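Undergrad: here are the coordinates; sequence isn't available:
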């Protein structure tokens, strides 16, 4: 187990370095941060001074080495735009994104798994057809369109949910939570649905396909022959055996939800990291972009690691295989 | 995809009633949605949203209209400007020029900063020093060699090396900060670009203005409260002002229509009709100060991004005139801007320089344009790359597309190179040595004076950008340069206006740049909210009333 963890840690470091290097290569194409920092009247000399002070005239590799050196000490610099330390900005924005991502994932699981199981067992019922049709809509409509439609229905038209923002937040010292106030929970509903809809569809279709597969296997037929109740067969045996791929996908999708909350956060002006990132891109705020990309890479690494651990719990065969290996 | 399509789907009243009834039943049953309309009318909270962020609150770190316009509610300069942009006394009650190069300011007595410290000449001295220190983006507020002298606690002199009639024109947004507070909070220096520590000014600000900062979360929300000890009179009836960034156009409009916001800035031009048709809000429009125009590279010997080799057609005034006259400005106004633009022949808003209205645009005239091209030896036209931002000005990309289509009629085949502003200014500006042959730019003079336009956009520059830094086309006319130098030092207003008009006329005859239009400000305002819309787009809380 320890060897496994160490190997994973080394892999993680390599992944992070590669992500940082790719990011730095791309930063050459995001435009000129200095013209976004100074007023229109600033002289050419002033612009050049800032450029030099920020080290933007250095070769990319020098900039990269400096970034890695600082990052190793957990110093990601000061945002060009907000003029605050990037670590502090991310710490302020991270809770909003994580709360939104978790709410979206829970929504996807709570809706997707039952729908998948139902459509897997009752293949030809009319309700299954409705579920599958609706889920097709969820997967084919772009996120921003779903978001805007929800805003127009629930905010402008019915006037019962806020169209943007996070509502009131409670500061717990290390975490600013919107889950503890009524306005915060209300503000969470539309963005969570918007963000989770694609994943709901994915989970539904995946669970359904896996159920259809498993229900055809011999051990299910055998269980039926033994006269076990339908309920025990469907949930105790069939569903459990579908879960390995489902957990993998949900796990990786959680990373995707965090990383791709950008669009949802922009539509709902959700004050999370995605919104911060998109604004950083527009103003070529390199320190924020670099730190964000690394953090997202780190999330994927951590989630992958956790998914691996969960496999072992769900499917004992993997544990046996590991031991033999 | 635009939001108005979305709204149309949901206008069928019957469906709407059915869904509303169902949800109302759910809402009552759960008690969850009670009291959700967040307008809070009783307490007169004013909520507004802008597309961009309010970042650092240090009033010297960013010379940008929205930031300074918002901070102008909290902090004040020696002068202020009224609803029509006329200069009125601010923290200085009056001023005079004992000699042409000496300005004397008599300061307002009895004014206190929000933290209670008194306002005196020391604060003016300190603010002048801080605004000119390293890292400040307000250095252009004074000539570099101006000296500031304290005569007594309530009198300050500014001594210049040459006369400067527009010395104070940008001072409404040169805010006086408290020396005592800045020293106590470690904010004596402007946070430099390379800082590693958080500046105290990033999150708080201490001014003398009618509103005080209550809280600030950059990029999210900033809250202001009225200053109970304000020295001046105000007209508002607010207990609180909440500013929020709402980046997405459709969401901002939805926030206004749902009653969550009292004012949004800007309204996308395609949503104006819809908001005006709604029962909840309306749109206030006014000509903005910014002029949108086209630059042609008339500096290089060979036109870079084109099919022309060995020479530069833009050096020929006939080609520049042909480009100008090929553009159907009324079509751009009607189709691209949906009426929200005022075409202009002038590089400055006529609000700021009324005599300029004497200049008329070269008329849209394709036969003449074709003839001019043929005379210049380009009867068959040529190919050309046009650079254009897509997130800087109102419908900037669409304007460039329209221009490309119009120039095709005189044989000029444009390939459009559209990019976000951060990349655009890098490529077309001094950073990449003006690597652009034909481009679109917009400009508001910070000083609200024509000299700033001439000095930044029109006078000659070298290849690196010394001189008219924002003269992206490198147009150069020594006669205009000579006029600009005299305009800067001329204290006689009539003579000064005459010279300014002469300079603009020379530029016009030469078609050195192609002015297009002044875009319009468009604010979405909830019914029952009274606003004053100033041409520079600043939102002054003290002038707001909410029913």
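TA: Arrived safely. Computed from a predicted model, the values in this text were never measured in an experiment.
Undergrad: going forward, measure contacts between C-alpha atoms and count neighbours the same way
TA: Fine.
Undergrad: following element in sequence after whatever helix or strand residue B:125 lives in, please.
TA: According to DSSP states H and E, residue B:125 maps onto helix B:121-131. Following helix B:121-131 in sequence order, the next helix or strand is strand B:147-152 (DSSP H and E).
Undergrad: now that next one: buried residues?
TA: B:147-148, B:150 (16 or more other CA atoms under 10 Å in any protein chain shown).
Undergrad: name the nearest residue to the residue of the stretch 201-350 of chain B found nearest chain A, sequence neighbours excluded.
TA: Closest contact between the stretch 201-350 of chain B and chain A, by CA to the nearest CA, is at residue B:258 (4.4 Å). Leaving aside its chain neighbours, residue B:258 sits nearest to residue A:156 (4.4 Å; criterion: CA to CA, 6 or more residues apart in numbering or on different chains).
Undergrad: so what's the residue count around that neighbour?
TA: By the measure other CA atoms under 10 Å in any protein chain shown, the count of residues near residue A:156 is 22.
Undergrad: that older thread, ok now the helix holding residue B:125, how far from the chain's centre?
TA: Counting by CA atoms, centre = their mean, to the nearest Å, helix B:121-131 is centred 26 Å from the centre of its parent chain.
Undergrad: and if you look at stretch B:219-231?
TA: Distance of stretch B:219-231 from the chain centroid (CA atoms, centre = their mean) equals 23 Å.
Undergrad: mind naming the longest strand for chain B?
TA: In terms of residue count, the longest strand belonging to chain B (DSSP state E) is strand B:281-296.
Undergrad: tell me the strands beside that one, with direction?
TA: Next to strand B:281-296 in the sheet, as set by DSSP bridges, lie strand B:438-443 (antiparallel), strand B:513-526 (antiparallel).
Undergrad: contacts for the first one next, please.
TA: For strand B:438-443, the surrounding residues in contact (CA atoms under 8 Å, 6 or more residues apart in numbering or on different chains) are B:290-297, B:384-389, B:393, B:396, B:400, B:428, B:472-473.
Undergrad: how about 7 Å then?
TA: Applying CA atoms under 7 Å, 6 or more residues apart in numbering or on different chains, the external contacts of strand B:438-443 come out as B:290-297, B:385-388.
Undergrad: stretch A:198-215 too?
TA: A:108-109, A:111-113, A:115-117, A:119-120, A:135, A:138-139, A:238-239, A:242, A:246.
Undergrad: averaged pLDDT, that stretch. What do you get?
TA: The average pLDDT within stretch A:198-215 is 89.
Undergrad: how about that stretch: buried residues?
TA: Buried-residue list, stretch A:198-215, by 16+ other CA under 10 Å: A:198-212, A:214-215.
Undergrad: please apply the same query to stretch A:54-70.
TA: For stretch A:54-70, a neighbour-count test (16+ other CA under 10 Å) marks A:54, A:56, A:60, A:63-64, A:67-68 as buried.
Undergrad: near chain A, which residues of the stretch 251-400 of chain B?
TA: Within the stretch 251-400 of chain B, the positions adjacent to chain A are B:251, B:254-255, B:257-258 by CA under 7 Å from any CA of the partner chain.
Undergrad: pLDDT below threshold where in the stretch 301-450 of chain B?
TA: Within the stretch 301-450 of chain B, no stretch has pLDDT under 70.
Undergrad: now do 90
TA: Along the stretch 301-450 of chain B, the model assigns pLDDT under 90 to residues B:351, B:390-392, B:420-423, B:425-426, B:429-432, B:444-448.
Undergrad: do the stretch 1-150 of chain A as well
TA: If you take pLDDT under 90 as the line, the stretch 1-150 of chain A has these spans: A:1-13, A:20-85, A:87-89, A:91-92, A:117, A:120-125, A:131-144.
Undergrad: what do you get if the cut-off is 50, keeping everything else the same?
TA: Scanning the stretch 1-150 of chain A for pLDDT under 50 picks out nothing.
Undergrad: helices of that one, start to end?
TA: Assigned by DSSP state H, counting those that start in this stretch, the stretch 1-150 of chain A shows helices spanning A:2-27, A:33-37, A:44-53, A:60-72, A:86-121, A:126-140, A:143-151.
Undergrad: over to the stretch 201-325 of chain A?
TA: Taking DSSP H, counting those that start in this stretch, the helices of the stretch 201-325 of chain A run over residues A:218-225, A:230-231, A:240-259, A:261-267, A:273-282, A:286-314, A:316-324.
Undergrad: for the closest residue in space to residue B:382 that isn't next to it in sequence, give its distance to residue B:404.
TA: Nearest non-adjacent residue to residue B:382, counting by CA to CA, 6+ apart: residue B:412, 5.0 Å away. Here the criterion is CA to CA, to the nearest Å. By it, residue B:412 lies 8 Å from residue B:404.
Undergrad: residue A:36 now?
TA: According to CA to CA, residue A:36 and residue B:404 sit 27 Å apart.
Undergrad: residue B:274 too?
TA: Distance, residue B:274 to residue B:404, by CA to CA: 30 Å.
Undergrad: now the terminal residues of stretch B:115-133, how far apart.
TA: 24 Å.
Undergrad: ok so, going back, near chain B, list only the ones from the buried residues of stretch A:54-70.
TA: Checking the buried residues of stretch A:54-70 against chain B (CA under 7 Å from any CA), the matches are residue A:54.
Undergrad: closest one of the buried residues of stretch A:54-70 to residue B:87?
TA: residue A:54 (38.2 Å; CA to CA).
Undergrad: in the stretch 101-250 of chain A, what residue comes closest to chain B?
TA: Counting by CA to the nearest CA, the stretch 101-250 of chain A gets nearest chain B through residue A:156, at 4.4 Å.
Undergrad: report whether the expected contact of that residue with residue B:254 is present.
TA: Yes. Shown here, residue A:156 and residue B:254 form a contact pair, counting by CA atoms under 7 Å, at 6.0 Å.
Undergrad: and the stretch 101-250 of chain A, which residues reach chain B?
TA: Looking at chain B, the residues of the stretch 101-250 of chain A close enough under CA under 7 Å from any CA are A:149, A:152, A:155-156, A:158-160, A:163-164.
Undergrad: can I have the buried ones of the contacts of stretch A:198-215 as a PyMOL selection?
TA: Provided next is the PyMOL selection string for whichever of the contacts of stretch A:198-215 are buried by 16+ other CA under 10 Å:
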select buried, chain A and resi 108+109+111+112+113+115+116+117+119+120+135+138+238+239+242+246
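Undergrad: can I get the residues of the stretch 101-250 of chain A next to chain B in JSON lines including secondary structure?
TA: Shown next, in JSON lines, are these (DSSP: H, G, I helix; E, B strand; the rest coil):
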{"residue": "A:149", "secondary structure": "helix"}
{"residue": "A:152", "secondary structure": "helix"}
{"residue": "A:155", "secondary structure": "helix"}
{"residue": "A:156", "secondary structure": "helix"}
{"residue": "A:158", "secondary structure": "coil"}
{"residue": "A:159", "secondary structure": "coil"}
{"residue": "A:160", "secondary structure": "coil"}
{"residue": "A:163", "secondary structure": "coil"}
{"residue": "A:164", "secondary structure": "coil"}
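Undergrad: which of those residues has the largest number of neighbours?
TA: residue A:163 leads these on contacts (other CA under 10 Å) with 32 neighbours.
Undergrad: residue B:143 - nearest residue in space that isn't next to it in sequence?
TA: residue B:160 (7.5 Å).
Undergrad: how many neighbours does that neighbour have?
TA: 19.
Undergrad: equivalent analysis for residue B:257, please.
TA: Residue B:257 has 27 nearby residues by other CA under 10 Å.
Undergrad: my read is that it contacts residue A:155, right?
TA: No. If you go by CA under 7 Å, residue B:257 and residue A:155 don't touch, sitting 8.6 Å apart.
Undergrad: any weak-confidence spans in chain B?
TA: In chain B, residues with pLDDT under 50: B:1-13, B:24-41.
Undergrad: quick check, the residue in it closest to chain A?
TA: Of all residues in chain B, residue B:423 sits closest to chain A, at 3.7 Å by CA to the nearest CA.
Undergrad: identify the residues contacting that residue.
TA: Residue B:423 neighbours (CA under 7 Å, 6+ apart): A:30-32.
Undergrad: helix/strand/coil for it?
TA: Here residue B:423 is recorded as helix under three-state DSSP.
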